[in-house]
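[1] Turn this into a model:
(2 chains, ligands or ions: 1)
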Amino acid sequence: MSVVVDAERELLDEIRRIAGEVAAPVADEVDRDSRFPIEALDALRSAGALSAAVPDALGGPGASLEAIARCCYELARGCSSTAMVFAMHQIQVMTIARHLDGSPWYEGYLRDLHREQRLIASATSEVGTGGDMARSIAAVTPSEAGELEFEKQAPTVSYGAHADDLLTTLRRAPDAESGDQVLVLTRSDQMTLEPAGAWDTLGMRGTCSPGFVVRGKFGPEQVLQVPFSDVMNQSIVPLSHILWSHVWLGIATEAFERARAFVRASARQKPGEPVPAARRLSEVMAELALLRGEVSQALADFIAFDTDPGRERLMTMASVLRFNNLKLAASEQTPRVCGGALEAIGILGYKNDTPYSVGRHLRDALSARLMVANERLLATDATLLAIAKEA
Amino acid sequence: MSAETNTAIREVLREHARLPVDVDTLSDDADLFTAGMTSHASVNLMLALEDAFDIEFPDRMLTRSVFESIGAITGAIDEIAVQNGQAA
Ligand SMILES: Cc1cc2nc3c(=O)[nH]c(=O)nc-3n(C[C@H](O)[C@H](O)[C@H](O)COP(=O)(O)OP(=O)(O)OC[C@H]3O[C@@H](n4cnc5c(N)ncnc54)[C@H](O)[C@@H]3O)c2cc1C
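    Residues are numbered from 1 along each chain as shown, chains lettered A, B, ... in the order given. Okay, here's the model as predicted:
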């Protein structure tokens, strides 16, 4: 076995331990109090997991996308919010690593991130454009002494108050069109986040994602130079859909396992008698298999597309449709599995204080359809379908 | 590339790209997206080009870079014409 594979196995063992021993025991409390899962994040930092995706050329472990995706799934078995925070952070790290294009500033930043286990939040959505990542209102604006600045009304910034750094989409300049965008990373000492609203939600409560007015002041070298459309199509959108859906698969699997445990306990109570819940559980198992199939196939497709020279294939409409399909299917299927698990378990699943409670899983799963509204993706797909020939 | 092709592409752009600027002010290598073409408009442009030139863009050509300038569009149309065995 190669060194890399051994290192990835060690990472996964450690992630499983954190999910089971650190995140899961406080998952109900994190949910109830809508508080940040700080002990899980501390454990992830101690394990060096926040820099798992930093390439080895920059001193990091260079874990594969498969390994990172698996971590998201394992963490979600213990605590959805912890897993989603981890997933979003890794999307940011991978996006920077894949597009830094030799920039000394960004290379130095990733080395710092590895050494200091820094946590990156993101502000892509905006008051006025919502979840439309391809348009911005706030702009990179010249400031004094060759510096740049911005002010962005961000409606939803997950773990904004707990992050070290922030990745923000902005218009390239004050006179740029809304679609002429760049990505900017600002460090904690270069920005202020003024709270704008609370985060008291149905689910994903521990992601702590309220609105903020973000103000940043930074150097021109912090503007990622590659075209934003490349970054969005080759990395942010497909990687988000892949890692989010691994989180959702973890939530669905945990709900299913609770239903399975319930059915097993019922069968033991009255040996030899039929367990009505087992029939419903069988249906849920088939639904979960569909979800798992799509999530794994999309990951395999991304890895195949990504080997293409110049990542041209990830720039095609067929690719946009492919990874939108993943998001649409997984976000519909996850609450379906959780709801099915609830029906199989019955009242003990509906109660919040039993070993078979799945209310939290169902509530967390309902965020999937809104985390960039499916309606928005369907509208995009509808346009692309008019011209795309495959898929 | 013929002058007619260039004129025909500009005509389709004028009608379908919904640019906030006059198409005649754009050079052949000007970035249409930077000039304000939305991705929605770019799909309408592709459909209109297929219709005007009686061609089909294969999926591998349906990328942003192929439609980002008049020059790039011309290159794509020429490539399809060559594949179809027509003189470009
Ligand atoms: C748990 C969670 C964490 C998040 N974390 C972050 C984060 O860290 N950073 C960040 O930037 N954002 C974050 N978001 C925000 C997210 O990216 C979306 O911006 C947000 O969910 C709302 O945007 P929207 O486009 O889905 O809906 P909105 O823009 O609020 O629109 C409302 C509704 O109108 C409809 N609609 C609007 N426009 C269209 C259209 N063009 N076509 C069809 N229908 C339309 C849809 O039904 C949509 O649900 C998070 C969201 C969630 C749920």
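[2] use CA for all of it now, contacts and neighbours both
    OK.
[3] quick one, phi/psi of the residue of chain B found nearest chain A?
    Proximity of chain B to chain A (Cα to the nearest Cα) peaks at B:T63, 4.7 Å away. The phi and psi values for B:T63, taken as degrees, to the nearest 10, are phi -130, psi 160.
[4] Now stretch A:339-354 - C-alpha only, CSV.
    Output of stretch A:339-354 as CSV, limited to C-alpha atoms (Å, rounded to 0.1, in the frame of the first residue of the first chain):
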residue,chain,number,x,y,z
GLY,A,339,-39.3,10.6,6.4
GLY,A,340,-39.5,6.9,5.5
ALA,A,341,-37.3,6.0,8.5
LEU,A,342,-39.6,8.1,10.7
GLU,A,343,-42.7,6.2,9.4
ALA,A,344,-41.0,2.9,10.0
ILE,A,345,-40.1,3.8,13.6
GLY,A,346,-43.3,5.6,14.4
ILE,A,347,-43.8,7.5,17.6
LEU,A,348,-40.4,6.6,19.1
GLY,A,349,-38.9,8.3,16.0
TYR,A,350,-41.1,11.3,16.3
LYS,A,351,-40.1,11.9,20.0
ASN,A,352,-36.9,13.8,20.4
ASP,A,353,-35.5,11.9,23.3
THR,A,354,-35.3,8.2,22.3
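[5] quick one: buried residues of it?
    For stretch A:339-354, the neighbour count (16 or more other Cα atoms under 10 Å in any protein chain shown) marks A:339-346, A:348-350 as buried.
[6] I'd like those residues laid out as TSV, including secondary structure.
    Shown next, in TSV, are the buried residues of stretch A:339-354 (DSSP: H, G, I helix; E, B strand; the rest coil):
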residue	secondary structure
A:G339	helix
A:G340	helix
A:A341	helix
A:L342	helix
A:E343	helix
A:A344	helix
A:I345	helix
A:G346	coil
A:L348	helix
A:G349	helix
A:Y350	helix
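[7] Which one of the residues you listed is nearest to chain B?
    Using Cα to the nearest Cα, these come closest to chain B at A:G339, 36.1 Å.
[8] Pretty sure that closest one sits against A:D364.
    No: if you go by Cα atoms under 8 Å, A:G339 and A:D364 don't touch, sitting 11.6 Å apart.
[9] ok so, going back, for the residue of chain B closest to chain A, which non-adjacent residue is closest in space?
    A:T316 (4.7 Å; Cα to Cα, 6 or more residues apart in numbering or on different chains).
[10] so the residue positioned nearest the centre of chain B is in which element?
    Geometric centre of chain B, nearest residue: B:I73, 3.8 Å, by Cα atoms, centre = their mean. Element membership for B:I73 (DSSP states H and E) is helix B:70-83.
[11] who touches the residue in the stretch 1-150 of chain A positioned nearest to chain B in this structure?
    At 8.8 Å from chain B, A:A134 is the closest residue in the stretch 1-150 of chain A, using Cα to the nearest Cα. By Cα atoms under 8 Å, 6 or more residues apart in numbering or on different chains, the residues touching A:A134 are A:179, A:181, A:229.
[12] count of residues packed around A:S46?
    11 (other Cα atoms under 10 Å in any protein chain shown).
[13] shaky segments in chain B?
    Within chain B, the segments meeting pLDDT under 70 span B:1, B:86-88.
[14] so how far is A:S245 from A:L370?
    13 Å (Cα to Cα, to the nearest Å).
[15] Can you pick out the residue with more neighbours from those two?
    The residue with more neighbours, out of A:L370 and A:S245, is A:S245; 32 against 12, by other Cα under 10 Å.
[16] what about the host helix or strand of that one, distance to the chain center?
    Secondary structure assigned from DSSP H and E places A:S245 in helix A:237-269. For helix A:237-269, the separation from the chain centroid amounts to 17 Å (computed by Cα atoms, centre = their mean, to the nearest Å).
[17] From A:L362, how far out is A:G339?
    For A:G339 relative to A:L362 (Cα to Cα), the value is 6 Å.
[18] which one of the buried residues of stretch A:339-354 is nearest the ligand?
    A:G339 (18.8 Å; Cα to the nearest ligand atom).
[19] tell me the contacts of that closest one?
    Counting by Cα under 8 Å, 6+ apart, the residues that A:G339 touches are A:L362.
[20] quick revisit: quick check, the helix holding A:S245 touching the ligand?
    No: under the criterion of Cα under 6 Å from any ligand atom, the ligand is not reached by helix A:237-269; the shortest gap measures 10.1 Å.
[21] Which SSE is immediately downstream of that helix?
    Downstream of helix A:237-269 (by DSSP H and E), the next one is helix A:276-306.
[22] what angle do that following helix and helix A:237-269 make?
    Calculated by axes from the mean of the first three to the mean of the last three Cα atoms, to 10 degrees, helix A:276-306 forms an angle of 160 degrees with helix A:237-269.
[23] wait, does helix A:276-306 contact chain B?
    No: Helix A:276-306 lies out of reach of chain B by Cα under 8 Å from any Cα of the partner chain, never closer than 11.9 Å.
[24] Pull the distance from that helix to the chain's centre.
    Distance, centroid of helix A:276-306 to centroid of chain: 18 Å (Cα atoms, centre = their mean).
[25] now stretch A:347-367
    For stretch A:347-367 - counting by Cα atoms, centre = their mean - the centre lies 21 Å from the chain centre.
[26] Could you pull up the mean pLDDT of that stretch?
    Computed over stretch A:347-367, the mean pLDDT rounds to 98.
[27] Sweet, I'm off.
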